[in-house]
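[1] Sequence and predicted structure below; questions after.
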Amino acid sequence: MNVLGFDTSTAATSACLLRADGEFFERDTEPATPPAHARELLPAVARVLAEAGLDYGDLDAIAVGVGPGTFTGLRIGVASARALAASTGVELRPVSSLAALAQGIDAQARLPLIDARRGELFAALYDGGELRFGPLAAPPPEVVQRVRKTGLDPLAAGDGSVRFEGVLEAAGIRVEPKGSRTHAVRALHICRLAAEVRPRPPEAVVPAYVRLPDAQPRQ
């Protein structure tokens, strides 16, 4: 199966073409402030397609990271995926960004953490293939408490684990070294997880915000 996947849940942009022969072509950008998904995503998609020697007509599926993550980033990623799927007729598969982040963690118990701002983390805990909790948005002490209740000794990764490394390690939770690629949500893992996800109509694919946006309309 030829799968085009991308993720815009964090300040970085990641796109990948996983070809049916198992070879993959991936493009990742460095986190930007403010994030630059709007100008980075489609050029990255075009680049991986060209490197793979494929066109949209050769795709079997488009996979998109639906979060949780940054609100603007998720809107851009999901809207782009829906538009591409609708215009090409290629099936669309939504993938959890936390599940994709967990895929890169080499441990039995995996704790993917995305910086949710407001002093909070987007978190989930996986024990092998089992989801023990999440996805949720919570302050680091609450995440630590939930981990302790499971009795597991997970390895944490993601930009949230980097930001709150001191808090996590003081509580006995191991964190991947700074600079590790494990901290990035890779589109390669979005593509690989897509095989386990049912295709959805484009209009049914929506961001998994987990919590309300920062800006709320006035009552």
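    Yep, it's here. Numbers count the residues shown, from 1 in each chain.

[2] quick one: buried residues of the longest strand along the chain?
    Across the chain, the longest stretch assigned as strand under DSSP state E is strand 130-138. For strand 130-138, the neighbour count (16 or more other C-beta atoms under 10 Å) marks R132, F133, G134, P135, L136, A137, A138 as buried. Any C-beta I mention is one placed from the backbone N, CA and C, and that applies to glycine too.

[3] where's A63, which helix or strand?
    Secondary-structure element containing A63, defined by DSSP states H and E: strand 61-65.

[4] Neighbouring strands - and their directions - for that strand?
    strand 3-7 (parallel), strand 91-95 (parallel) (DSSP bridges).

[5] picking that back up, from the buried residues of strand 130-138, which is closest to L84?
    Distance to L84, by C-beta to C-beta, is smallest for P135 among the buried residues of strand 130-138, at 24.7 Å.

[6] returning to that earlier point: got the contact list for the strand holding A63?
    Here strand 61-65 makes contact (C-beta atoms under 8 Å, 6 or more residues apart in numbering) with 1-9, 77-78, 80-81, 84-85, 88, 90-97, 100, 185, 187, 190-191, 193-194, 197, 199, 205.

[7] 6 Å instead?
    Residues outside strand 61-65 that contact it (C-beta atoms under 6 Å, 6 or more residues apart in numbering) are 3-5, 7, 9, 77-78, 81, 84-85, 90-93, 95, 97, 100, 190-191, 194.

[8] Likewise for stretch 122-132?
    By C-beta under 6 Å, 6+ apart, stretch 122-132 touches 68, 98, 102, 108-114, 116, 133-137, 143, 150, 152.

[9] And the buried ones among those, selectable in PyMOL?
    Buried residues among the contacts of stretch 122-132 (16+ other C-beta under 10 Å), as a PyMOL selection:
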select buried, resi 68+98+102+109+110+111+112+113+114+116+133+134+135+136+137+143+152
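
[10] so of the contacts of stretch 122-132, which ones are in strands?
    Counting by DSSP E, the contacts of stretch 122-132 place A109, R110, L111, P112, L113, I114, F133, G134, P135, L136, A137 in strands.

[11] show me the contacts for the first one.
    Residues near A109 by C-beta under 6 Å, 6+ apart: D127, L152, P154.

[12] how near is R163 to V78?
    24 Å (C-beta to C-beta, to the nearest Å).

[13] cool, and A63?
    From A63 to V78 the distance is 12 Å (C-beta to C-beta).

[14] Number of residues surrounding the residue nearest to S80 when sequence neighbours are not counted?
    Nearest non-adjacent residue to S80, counting by C-beta to C-beta, 6 or more residues apart in numbering: L41, 5.8 Å away. Per other C-beta atoms under 10 Å, the neighbour tally for L41 reads 23.

[15] I'd say L41 and S14 touch.
    No. In this structure, L41 is not within contact of S14 by C-beta atoms under 6 Å, at 9.3 Å.

[16] Can you mark which positions in the longest helix along the chain are buried?
    Ordering each helix of the chain by length in residues (DSSP state H) puts helix 71-88 first. Neighbour-count burial for helix 71-88 flags F71, G73, L74, R75, I76, G77, V78, S80, A81, R82, L84, A85 (criterion: 16+ other C-beta under 10 Å).
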